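after the sequence you'll find the predicted model.
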Amino acid sequence: TPALAAPRQAFDFEAIAPQTTDSVFIPEGWEQDIVMRWGDKLFSSAPDFDPQRQTRAAQEQQFGYNCDFLGFFPLDRGTELMMVNHEYTDEYIMFPDFVEGVSTKEQTDVALAAHGLSIVAVAKEHRSGRLTPIVDHRLNRRLTAFSEFELTGPAAGHDLLRTSEDPTGTKVLGTLNNCAGGLTPWGTWLTAEENFNQYFANANSVTDPAERARLARYGLPGGSTERRWEEHYDRFDIAKEPNEVNRFGWVVEVDPFDPTSTPKKRTMLGRFKHEAGTAVISADGRAVVYSGDDERFDYLYKFVSEGKVDVDGGAAGNTDLLDRGTLYGARFTGDSPAAEIDGTGKLPSDGAFDGSGEWIPLVTNDVSHVPGFTAAEVLVYTRQAADQVGATKMDRPEDVETNPVNRRVYMALTNNTQRGTAGRAGVDEANPITANKHGHVIEMVEAGDDPAATTFAWNILLLCGDPNDPSTYFAGFDKSQVSPISCPDNVAFDSVGNLWVSTDGNKLGAHDGLYEVIVDGEQRGRVRQFLSVPKGAECCGPVITDERVNIAVQHPGETDDSTFVNPSSNWPDGGNSIPRPSVVSVWRKLPGKPDFAGQGKP
Ligand code: FEO
Ligand code: CA
Ligand code: CA
Ligand code: CA
């Protein structure tokens with residue numbers, strides 16, 4: 001057989017085999033270092049990290065828990081500004097004296113302070129990818145569940161967002177469950193509030209049937225939460241403060257260059273379990289933000305602004321950009337007969353899972369497009385508005401991002417083991433696997449390559465899993481030459497437009513990792529694993545530059561069994577140490593330089 005044309009690559013590497021080591025395992029010839037661990041200092045006034053003596057005050061000056069999104073803006077020569085989400089906390093791993101079902105006031109306060117965001121200036125070592133935090137840099141900042149955030153856009157100030165502590169409906173304490181996000185072309189940071197439902201107790205206290213249905217649609221627990229913050233703070237108890245829950249589940253815009261700025265929860269982008277918010281500029285200069293709702297059978301959304309982006313204006317030049325525009329839900333229509341989609345991954349007779357799609361408008365500024373919903377109701381109860389207009393129920397839409405080289409949009413659908421099972425929606429051409437265990441990746445082409453288009457074409461790029469499993473698909477590429485991959489979560493691109501995918505929840509018996517996926521040329525569909533993360537961790541936040549690869553190692557040592565109190569991971573500090581979620585930098589070892597960290601370490 002003739003050799004296939006080599007793909008363009010930002011850098012070459014030897015694919016690693018799937019791993020189960022308690023390490024960040026990297027290819028031969030590469031090295032790595034920890035950039036920041038949970039508990040590391042942003043400010044010299046912080047105490048040294050001590051798991052036996054954790055306090056709110058210490059945590060407010062230290063790197064938070066469970067790092068997820070990672071982004072970098074350039075600063076002065078040799079320095080960069082690093083932005084990190086701290087999605088949630090694992091108290092049973094964090095606290096050596098944790099007792100299941102009990103959260104003391106002190107533990108609750110530490111956990112609230114371990115949530116949120118970190119902004120940290122880092123210095124880059126010359127000719128390597130090593131990054132060193134600059135303690136006390138003037139832009140360093142921790143934002144936590146105690147920090148003040150502002151609600152903006154059409155729903156701000158609405159009755160649904162008012163509480164006894166904030167009768168204006170515009171000032172919220174904290175951001176919670178910030179999963180992925182994106183850096184905007186105008187120089188701000190979008191961070192997405194995802195599984196906010198887990199923090200709010202006692203939905204069963206609500207008697208109004210319509211309100212109960214709304215809470216159920218967002219998965220609010222009927223009784224107490226696992227975290228039990230409601231025992232210490234009334235705002236986490238729906239029985240006492242029914243609207244506080246409506247103040248979470250938003251895309252938040254942060255100006256990282258002004259450490260005194262109040263971040264804004266942009267209500268115009270809707271309220272759901274936002275995996276991320278990734279912004280691009282339309283053909284006529286408007287902002288377009290894609291966001292998936294990470295839940296089984298939930299939807300993909302996009303927002304298109306009314307005003308034009310001031311690309312060089314920073315936050316100050318784009319203050320209201322995301323407060324006016326149109327929010328859409330996505331409908332995917334297959335082009336093959338439904339009978340040919342049999343749930344096994346067998347390609348339909350036209351040779352592809354593909355079709356067309358449309359963006360269905362839900363709301364424009366303060367005008368609702370959904371019968372029976374006011375504009376504020378569309379924004380606060382976005383899921384139910386999208387139910388009504390027939391958006392397509394997807395297999396857990398995670399990260400959705402535009403490839404800056406080929407302009408196509410890539411969406412990770414992590415899995416949905418309920419697809420096609422009793423009482424649930426069946427397979428369709430965009431979600432073609434029954435009980436989808438390993439997830440898939442969809443490639444979308446906006447009409448005219450314009451992000452503001454109202455129609456698009458789409459095709460399935462990958463049906464993930466073990467390549468020996470006939471239900472998998474790698475864009476038609478030779479399955480003997482690809483890495484197994486399961487549960488895609490975050491997507492990123494390198495400088496030549498290859499897709500990179502990180503995973504969360506590998507169901508193939510090995511750890512999660514980071515994978516390069518070729519999307520153009522004769523080797524389209526070639527998947528190769530670049531690295532593997534420690535025990536119990538998911539791989540998040542990939543940033544791929546020509547010089548280095550950064551990842552966030554989230555929840556090392558986590559197990560599905562929440563009663564587990566003896567973490568199996570001691571990464572990154574080793575010995576019997578408590579595992580610490582950390583940001584890692586990986587780079588190609590220069591010839592003649594001594595091996596810093598070595599294969600598979602630290
Ligand atoms: Fe927090 Fe959808 O992953
Ligand atoms: Ca088809
Ligand atoms: Ca995620
Ligand atoms: Ca995930």
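Sure, I can see it. Numbers count the residues shown, from 1 in each chain. Ligands and ions are numbered 1, 2, ... in the order given.

use CA for all of it now, contacts and neighbours both
Fine.

what about the closest residue in space to Gly153 that isn't next to it in sequence, how many neighbours?
Nearest residue to Gly153, sequence neighbours excluded (Cα to Cα, 6 or more residues apart in numbering): Asp323, at 4.3 Å. Neighbours of Asp323 under the rule other Cα atoms under 10 Å: 22.

go on, Ser480?
Quick note: Ser480 (other Cα under 10 Å) scores 9 neighbours.

direction included, what does the helix or strand containing Glu516 pair up with?
Per DSSP states H and E: Glu516 is located in strand 513-517. Strand 513-517 has the following sheet partners, assigned by DSSP bridges: strand 499-503 (antiparallel), strand 527-532 (antiparallel).

can you pull the buried residues of the longest one?
Neighbour counts over strand 527-532 (16 or more other Cα atoms under 10 Å) mark 527-532 as buried.

now, among those residues, which is nearest to ligand 2?
Comparing these against ligand 2 with Cα to the ion places Val527 closest, at 22.5 Å.

touching, the closest one and Ser480? I think so.
No. The criterion here is Cα atoms under 8 Å, and Val527 misses it with Ser480 at 10.6 Å.

so what's the residue in the stretch 401-550 of the chain that ligand 1 sits nearest to closest to, chain neighbours aside?
As assessed by Cα to the nearest ligand atom, ligand 1 sits closest to Asp489 within the stretch 401-550 of the chain, at 6.6 Å. Nearest non-adjacent residue to Asp489, counting by Cα to Cα, 6+ apart: Thr503, 5.1 Å away.

ok, now Val110?
Closest to Val110 by Cα to Cα, 6+ apart is Arg56, at 4.5 Å.

any weak-confidence spans in the stretch 251-400 of the chain?
Within the stretch 251-400 of the chain, not a single segment meets pLDDT under 70.

what's the average pLDDT for the strand or helix carrying the residue of the stretch 401-550 of the chain closest to ligand 1?
For Asp489, the host element (DSSP H and E) is strand 488-493. Averaged across strand 488-493, the pLDDT comes to 98.

partners of that strand, with directions?
In its sheet, strand 488-493 lies beside strand 499-503 (antiparallel), with partners assigned from DSSP bridges.

for ligand 1, what's the nearest residue on the stretch 51-200 of the chain?
Taking Cα to the nearest ligand atom as the measure, the stretch 51-200 of the chain has Cys179 as its residue closest to ligand 1, at 4.5 Å.

re earlier: distance to Val370 and pLDDT for the buried residues of strand 527-532 - can I get that in a markdown table?
Formatted as a markdown table, those follow (distance: Cα to Cα, whole Å; pLDDT from 0 to 100):
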| residue | distance to Val370 | pLDDT |
| --- | --- | --- |
| Val527 | 41 | 98 |
| Arg528 | 44 | 98 |
| Gln529 | 44 | 98 |
| Phe530 | 45 | 98 |
| Leu531 | 45 | 98 |
| Ser532 | 45 | 98 |
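
columns distance to Arg37 on top of the residues you listed, output as TSV?
Below are the buried residues of strand 527-532 laid out as TSV (distance: Cα to Cα, whole Å):
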residue	distance to Arg37
Val527	30
Arg528	28
Gln529	24
Phe530	22
Leu531	19
Ser532	18
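
return the member of those nearest to Asp546.
Phe530 (14.3 Å; Cα to Cα).

if we can go back for a sec, as TSV, the strands paired with strand 513-517 with distance to Asp255 would be great.
Output for the strands paired with strand 513-517, formatted as TSV (distance: least, Cα to Cα, whole Å):
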stretch	distance to Asp255
strand 499-503	27
strand 527-532	32
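
could I get the ones you listed as a markdown table with distance to ligand 1?
Formatted as a markdown table, these follow (distance: least, Cα to the nearest ligand atom, whole Å):
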| stretch | distance to ligand 1 |
| --- | --- |
| strand 499-503 | 10 |
| strand 527-532 | 18 |
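
okay if I get those as CSV plus distance to ligand 2?
CSV is the format used below for the strands paired with strand 513-517 (distance: least, Cα to the ion, whole Å):
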stretch, distance to ligand 2
strand 499-503, 23
strand 527-532, 23
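
quick one: closest of those to Ala156.
strand 499-503 (34.8 Å).

work out the gap between the closest one and the centre of the chain.
Averaging C-alpha positions (Cα atoms, centre = their mean, to the nearest Å) puts strand 499-503 12 Å from its chain's average.

dump that strand to CSV, restricted to CA.
Output of strand 499-503 as CSV, limited to C-alpha atoms (Å, rounded to 0.1, in the frame of the first residue of the first chain):
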residue,chain,number,x,y,z
LEU,A,499,-7.2,18.7,17.3
TRP,A,500,-6.2,17.7,20.9
VAL,A,501,-8.6,15.9,23.1
SER,A,502,-8.4,15.3,26.8
THR,A,503,-10.5,12.7,28.5
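
what sits against Ala430?
When contacts are counted by Cα atoms under 8 Å, 6 or more residues apart in numbering, Ala430 touches 332-334, 353-354, 394, 442, 459-460.
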